[in-house]
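**Q** need coordinates for the following:
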Amino acid sequence: MALKLYGMPLSNYYNIVKAVMIEQQLEFEEVLVKPSQENTYLDKSPMGKVPCLETEQGFLTETAVILNYLDSLGKQPSFYPGDSFARAKVEELIHYLEIYLELPARRLYGEVFFGAPADPVLRQEVRKQLEKGFAALNRIAKYEPYLAGPEITYADFFFRFTVGLVTIVAGKALDWDAFNEMPEIKALLARMDEHESIQRCLADQKKS
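**A** The predicted structure is shown next:
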């Protein structure tokens, strides 16, 4: 059976997996669903989150887990370096992007995307967390020209669909033009947007 990717174009994590699958020319079917607590979906994704991936053996959840599974298939060139330490550094970058940038910014999604004003104290907390997160990321990122060095890796797909959102949140909720204040980030986002896989995901996102 063909791989089936469950999720929706508005989900940044769905788009990470989708872009990678397009980039690696993997055959897959998109099953458009929203996060759900319905039992029929919980049987596929126990937390009701998107994305999830249906394989011949069953379902997988969590973006990094899905990407590692796809990588293990060996059907297309890997977006991990061959060296064990270099691979671990890519995984470290992904962790920083998820935990220290996207997760704090998510606390302000209600205000930015759903019109629910956030408490000023919360905004201040998130601003401090994001400043610390960006500083930490920039200590381990290379931007040469990609996040981990000269070759694109899985970290760059995480970067495009997490940092892209984080800079929107910073601008709208915190009056912080992080996009233009950090030229290395702006340059990498622009470089990623040159990829057809990213363009397809963004086009589908606009349609939804």
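
**Q** how about the strands of this structure, start to end?
**A** With DSSP state E, the ranges of strands along the chain come out as 3-7, 28-32, 52-54, 59-61.

**Q** most packed of those?
**A** strand 52-54 (a mean of 23; mean count of other Cβ atoms under 10 Å). Any C-beta I mention is one placed from the backbone N, CA and C, and that applies to glycine too.

**Q** and for that strand, what's in contact with it?
**A** Contact with strand 52-54 is made by 1, 3-7, 17, 31, 44-45, 59-61, 66, 69-70, as judged by Cβ atoms under 8 Å, 6 or more residues apart in numbering.

**Q** quick one: average pLDDT of that strand?
**A** Across strand 52-54, pLDDT averages out at 98.

**Q** and that strand, which strands flank it?
**A** Counting by DSSP bridges, the strands paired with strand 52-54 are strand 3-7 (antiparallel), strand 59-61 (antiparallel).

**Q** quick one: low-confidence ranges for this structure?
**A** Along the chain, no part satisfies pLDDT under 70.

**Q** got a list of what the residue nearest the centre of it touches?
**A** Nearest to the geometric centre of the chain sits residue 158, at 3.5 Å (Cα atoms, centre = their mean). Residue 158 sits next to 16, 63, 93-94, 97-98 when contact means Cβ under 8 Å, 6+ apart.

**Q** most neighbours, which of these?
**A** Most neighbours among the contacts of residue 158, by other Cβ atoms under 10 Å: residue 63, with 28 neighbours.

**Q** for that residue, give its distance to residue 24.
**A** Distance of residue 63 to residue 24, given as Cβ to Cβ, to the nearest Å: 15 Å.

**Q** what's the answer for residue 172, then?
**A** 33 Å.

**Q** can you give me the helices in this protein?
**A** For the chain, helices defined by DSSP state H occupy the ranges 12-23, 39-42, 63-73, 84-96, 103-106, 109-114, 120-140, 154-174, 178-181, 183-192, 196-207.

**Q** as JSON lines, those helices with distance to residue 147 would be great.
**A** Compiled in JSON lines, those are given as follows (distance: least, Cβ to Cβ, whole Å):
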{"stretch": "helix 12-23", "distance to residue 147": "13"}
{"stretch": "helix 39-42", "distance to residue 147": "33"}
{"stretch": "helix 63-73", "distance to residue 147": "15"}
{"stretch": "helix 84-96", "distance to residue 147": "6"}
{"stretch": "helix 103-106", "distance to residue 147": "18"}
{"stretch": "helix 109-114", "distance to residue 147": "23"}
{"stretch": "helix 120-140", "distance to residue 147": "9"}
{"stretch": "helix 154-174", "distance to residue 147": "5"}
{"stretch": "helix 178-181", "distance to residue 147": "16"}
{"stretch": "helix 183-192", "distance to residue 147": "7"}
{"stretch": "helix 196-207", "distance to residue 147": "14"}
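
**Q** wait, which of those helices is closest to residue 146?
**A** helix 154-174 (5.1 Å; Cβ to Cβ).

**Q** got the buried residues for that closest one?
**A** For helix 154-174, a neighbour-count test (16 or more other Cβ atoms under 10 Å) marks 154-170, 173-174 as buried.
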